[in-house]
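Chemist: What follows is a predicted protein model with its sequence.
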Amino acid sequence: MKIHLLFALLCPAVACASSPFDGTWKVQTDTVQFSKKPDIYELKSDIYQCKTCTPPVAVKADGTDQKVTGHAYFDTVAVKVVDPKTIHVETKLAGKTIGSNTLTVSDDGTSLTLSFKDDSGEKEATGTQVFKRVKAGAKGSHAISGAWQSDKLPELSDLAGTVIYKGTGDGLQMSWNGQSYDAKFDGKKVLTVNDPGKTMVSLKRISESVVEETDSREGKVTDVVRLSVAADGKTLKVVDRNAQRGTTFSYEMAKQP
C-alpha cells in the first residue's frame, strides 16, 4: 500500500497517462503523397538556378562555395557539373556542410533521380527521390533544366525516416537524429534543440489523437503539420502544409515494436 501511494504521489494520473503518440515511428515510403507543384531548375551559361527555392537561388556552377542569403539552413551553395546529365549541389552553414544532392537525368530525359545526404542532424541521413519531367528546359541548357514533378521516394534511410514521440499529458516531446523539442499544448513557441535552422515549434491539441504543429523561423510560419494517430494506434498520418511555397504533402508512419 505504501509503495502504491508513493508512486501515485510521484506520478500524477495526467502525467503518467499513456498517449497514443508514445513510441518510435517510421516513415512508410510507399504512402508518400507529394505536392503537385513542380520544382524548377535551370543550368545555362554556367549559372545554376533553383527557381522554386524559397527564396530562389542563382549561383555560378563552378564547384566553389557561392554566398546566398535568406535561407535558414545554408548560407553558401556549391554546384558542380559532373557530366551532361548530372550535377552535384552542396550546401553549407557557417562553413559546415548541411546537405548535398546529386541530380541525375535519365537517358531518355523523362525522369530525374535526386540522391541526398542530410547532415543537419547528429548523423548523416540519406535517401533517394524520383521526379518526372513536366516541362523541358531552355534550348542549350543542361539536362537538369526544366520543371520536375515529385513522383516517388524509393529509398529513405532508417535514420532519416524514424521519429520518437512521447506524450507529457499537457504536451508532446519529439526526437529525431539528435534534434528534439518539448512543447505544451498552449500555443507557446519553443526552440527545436540542435536544429541548425532554429525552428520554433508551437502545438495545439485538436483531440486525444490529433495534434497540430506550427513551425516558424524568424517570426514567419514555415509549416503547419497535422499529426493524426489511427484508431488502432499503429499508424501516424502526417500532413505538412508548407506556408512559404503553398504546397502540401503527406505520408504515414508505422509504429515500431
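Modeler: Structure's in. What do you need?
Chemist: what's residue 160 sitting at in phi/psi?
Modeler: The phi/psi pair for residue 160 (degrees, to the nearest 10) reads phi -70, psi -40.
Chemist: neighbours of the closest residue to it other than its chain neighbours, just the number please.
Modeler: Nearest residue to residue 160, sequence neighbours excluded (Cβ to Cβ, 6 or more residues apart in numbering): residue 125, at 3.5 Å. All C-beta spots, glycine's among them, are computed from the backbone N, C-alpha and C. Using other Cβ atoms under 10 Å, residue 125 has 21 other residues around it.
Chemist: Residue 125: what's it in contact with?
Modeler: By Cβ atoms under 8 Å, 6 or more residues apart in numbering, the contact set of residue 125 is 117, 118, 119, 157, 159, 160, 177.
Chemist: cool, and residue 157?
Modeler: Here residue 157 is in contact with 125, 126, 127 (criterion: Cβ under 8 Å, 6+ apart).
Chemist: Over to residue 146?
Modeler: 40, 41, 42, 133, 134, 135, 136, 137.
Chemist: ranges for the helices of this structure?
Modeler: Counting by DSSP state H, the chain has helices at residues 2-10, 13-16, 158-161.
Chemist: thinking again about what came up before, let's have the contacts of residue 146 in CSV, adding neighbour count and distance to residue 23.
Modeler: Shown next, in CSV, are the contacts of residue 146 (neighbours: other Cβ atoms under 10 Å; distance: Cβ to Cβ, whole Å):
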residue, neighbour count, distance to residue 23
40, 18, 39
41, 25, 38
42, 19, 44
133, 19, 39
134, 14, 38
135, 11, 42
136, 11, 46
137, 20, 45
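Chemist: Verify the contact between residue 159 and residue 119 for me.
Modeler: No - using Cβ atoms under 8 Å, residue 159 is not in contact with residue 119; the gap is 11.4 Å.
Chemist: Quickly name whichever of the contacts of residue 146 is closest to residue 231.
Modeler: residue 134 (37.5 Å; Cβ to Cβ).
Chemist: quick one: which of the contacts of residue 146 sit in strands?
Modeler: Among the contacts of residue 146, DSSP state E puts 40, 41, 42, 133, 134, 135, 136 in strands.
Chemist: Can you pull out the low-pLDDT segments for this structure?
Modeler: 1-17 (pLDDT under 70).
Chemist: That one - how does it break down into domains?
Modeler: Here the domain assignment for the chain is 13-34+161-255, 39-159, based on automatic domain parsing.
Chemist: For the contacts of residue 157, please prepare TSV with the additional fields distance to residue 75.
Modeler: Listed next are the contacts of residue 157 as TSV, based on distance: Cβ to Cβ, whole Å:
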residue	distance to residue 75
125	21
126	23
127	24
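Chemist: quick check, nearest of these to residue 195?
Modeler: residue 125 (13.6 Å).
Chemist: ok, the closest one to residue 65 distance?
Modeler: 22 Å (Cβ to Cβ, to the nearest Å).
Chemist: same thing with residue 245?
Modeler: With Cβ to Cβ as the criterion, residue 245 and residue 65 are 25 Å apart.
Chemist: what do you get for residue 142?
Modeler: Taking Cβ to Cβ, one finds residue 142 at 20 Å from residue 65.
Chemist: just residue 111 next, same as before
Modeler: 29 Å.
Chemist: And for residue 163?
Modeler: To residue 65, residue 163 is 31 Å away according to Cβ to Cβ.
Chemist: for residue 41, same thing?
Modeler: 19 Å.
Chemist: now do residue 230
Modeler: Residue 230 is 45 Å from residue 65, by Cβ to Cβ.
Chemist: Does residue 193 touch residue 180 like I think?
Modeler: Yes - contact status for residue 193 versus residue 180: in contact at 4.9 Å, counting by Cβ under 8 Å.
Chemist: Which of the two has more residues huddled nearby?
Modeler: Neighbour comparison, residue 193 and residue 180: the larger count goes to residue 180, with 15 against 12 (by other Cβ under 10 Å).
Chemist: This completes my enquiry, with thanks.
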